[in-house]
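Enquirer: What follows is a predicted protein model with its sequence.
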Amino acid sequence: MDDYKIAVSSETTTRVTTLSVTGTDAKETAKVARAMANSVSTVAQNVGAAQSINVVDEAKTPESPSGPKRLLYVAVAFLAGVFIAIAYVVLADILNMRICGAEEAEELLGIPVVGRIPAMKGGK
């Protein structure tokens, strides 16, 4: 029973009790839930708590996991990553205050460029 999470709940205004079993193997979890529902009926009759207990909804084996939708989470994470990358590139471009060429220097300073220092290959 260590592999299963079992929860029993009941509303105060009704005589309906809900039994919930959660586990890793869907077929085995459904078997455990059905067995527990049958044993509760037998125990209640032996103790005298009730003359009969009827199962309203029998446990069925689910066809798909009830957990998170992984494909949806992957798609949302991908789109969030693309958005963050684009935002980083735009911010880096907006915050870049370096002068990148002679034309940009002439435009910003309003004076002509008189000379240039060429970049040498090899850094020497």
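Expert: Great, that's in hand.
Enquirer: Can you list the residue ranges for strands in this structure?
Expert: Taking DSSP state E as the criterion, the chain carries its strands at 5-10, 17-22.
Enquirer: What separation is there between Asp57 and Ala102?
Expert: 79 Å (CB to CB, to the nearest Å). C-betas here are computed from N, CA, C, even on glycine.
Enquirer: and those two? which has more neighbours close in?
Expert: Comparing Asp57 with Ala102 by other CB atoms under 10 Å, the one with more neighbours is Ala102, at 12 against 8.
Enquirer: hmm, back to that, between the strands of the chain, which one is closest to Val76.
Expert: Distance to Val76, taken as CB to CB, is lowest for strand 17-22 among the strands of the chain, at 25.2 Å.
Enquirer: which residues in this protein form helices?
Expert: Here the chain has its helices, by DSSP state H, at 26-47, 70-95, 102-109.
Enquirer: For Ser10, find the nearest of these.
Expert: When these are compared (using CB to CB), the closest one is helix 26-47, at 12.0 Å.
Enquirer: how big is the angle separating that closest one from strand 17-22?
Expert: With axes from the mean of the first three to the mean of the last three CA atoms, to 10 degrees applied, the angle from helix 26-47 to strand 17-22 works out at 150 degrees.
Enquirer: quick one: average pLDDT of helix 26-47?
Expert: Helix 26-47 shows a mean pLDDT of 76 in the predicted model.
Enquirer: Report the backbone C-alpha coordinates of it in CSV.
Expert: Output in CSV follows, covering the C-alpha atoms of helix 26-47 (Å, rounded to 0.1, in the frame of the first residue of the first chain):
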residue,chain,number,x,y,z
ALA,A,26,-3.5,2.6,-13.7
LYS,A,27,-4.8,-1.0,-13.9
GLU,A,28,-3.6,-1.9,-10.4
THR,A,29,-4.9,1.3,-8.9
ALA,A,30,-8.3,0.6,-10.3
LYS,A,31,-8.2,-3.0,-8.8
VAL,A,32,-7.2,-1.6,-5.4
ALA,A,33,-10.1,0.9,-5.5
ARG,A,34,-12.6,-1.8,-6.4
ALA,A,35,-11.3,-4.1,-3.7
MET,A,36,-11.5,-1.4,-1.1
ALA,A,37,-15.0,-0.5,-2.1
ASN,A,38,-16.1,-4.1,-1.8
SER,A,39,-14.3,-4.6,1.6
VAL,A,40,-15.9,-1.4,3.0
SER,A,41,-19.3,-2.8,2.3
THR,A,42,-18.5,-6.1,4.0
VAL,A,43,-17.0,-4.4,7.1
ALA,A,44,-19.9,-2.0,7.5
GLN,A,45,-22.4,-4.8,7.4
ASN,A,46,-20.3,-6.8,10.0
VAL,A,47,-20.0,-3.9,12.3
